[in-house]
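Peer 1: Quick one, structure for this:
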Amino acid sequence: MRKVSVIVGVADESVVPADVLSEIHMAFREFRDVQLEFVVVRQAPGSALSKVSDDSGFVVLFDAGNCSPKDVGRVVVPLLEGRADVVVGRRSGVVGSVRERVASSVLRWLGNPLFRPKVGDSDRGLRAFRRGVLGLPVRALRFVEVPISYREDAAPP
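Peer 2: Residues are numbered from 1 along each chain as shown. Take a look at the predicted model:
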C-alpha cells in the first residue's frame with residue numbers, strides 16, 4: 001500500500017468543505033493501492049511537513065483557495081509511475097491581478113535558475129513530491145509540470 005499525504009492549506013477562518021475532500025478521494029479511485037492521509041493547516045501548506053506521517057511515500061501541497069481538488073490525482077500520477085521526483089501543477093491562461101502577475105514573474109525569475117527544466121507556475125497552487133527527495137540537491141531531481149485548472153471562485157490572496 002502506497003501512502004499519499006495531502007496537506008490542505010486553508011485561509012485562517014476557513015474550513016475544508018466535505019465535498020473538497022470527497023473530490024480528492026474520487027481523483028484517486030483508480031489507484032487501489034493508494035491510501036490517503038489529510039493534514040489540514042491554516043498556514044502555508046509547505047510549513048506543515050512535520051505533521052505528515054513517517055510512512056508516507058508521497059506528499060501533496062494543495063492550496064484549497066486557488067486549485068481544484070480534482071487535479072490532486074493528476075499531479076500524483078507521474079510520482080506513482082516513477083517518472084518524476086517533483087511535480088508542479090501549471091495553470092494556463094490565468095490572468096489574475098496585476099499584483100499577482102508581477103509577483104509570479106519575480107518568483108519565476110528568482111527561482112528558475114535553481115530548476116532544470118524551467119518551472120512555469122511554481123509560486124503557489126498544487127505541488128507533489130516523493131518524500132525521499134527532501135534534502136537532495138534540487139538539480140538532481142526530475143521535475144514534471146502537469147496542466148491543472150484554476151478555481152474561478154477562489155478569493156484573491
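Peer 1: which regions of the protein lie under the pLDDT threshold?
Peer 2: 12-14, 43-46, 92-124, 150-157 (pLDDT under 70).
Peer 1: any idea where the helices of it begin and end?
Peer 2: Secondary structure of the chain (DSSP state H): helices located at 18-27, 72-80, 98-111.
Peer 1: Residue 53: neighbouring residues, count only.
Peer 2: Per other CB atoms under 10 Å, the neighbour tally for residue 53 reads 13. The C-beta positions use only the backbone N, C-alpha and C, and glycine is treated the same way.
Peer 1: Now for it: which residues touch it?
Peer 2: 3, 5, 37 (CB atoms under 8 Å, 6 or more residues apart in numbering).
Peer 1: out of the residues you listed, who's nearest residue 75?
Peer 2: Closest to residue 75 out of the contacts of residue 53 is residue 5 (13.3 Å), distances taken as CB to CB.
Peer 1: my guess is the closest one meets residue 61, correct?
Peer 2: No - Residue 5 sits out of contact with residue 61 when judged by CB atoms under 8 Å, with a separation of 9.8 Å.
Peer 1: Buried among the contacts of residue 53? Need that as a selection in ChimeraX.
Peer 2: In ChimeraX, this line selects whichever of the contacts of residue 53 come out buried by 16 or more other CB atoms under 10 Å:
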select :3,5,37
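Peer 1: The contacts of residue 53 in strands, which ones?
Peer 2: If you go by DSSP state E, the contacts of residue 53 have 3, 5, 37 in strands.
Peer 1: ok, the first one to residue 35 distance?
Peer 2: Going back to what we said before, that points to residue 3. Taking CB to CB, to the nearest Å as the measure, residue 3 falls 5 Å from residue 35.
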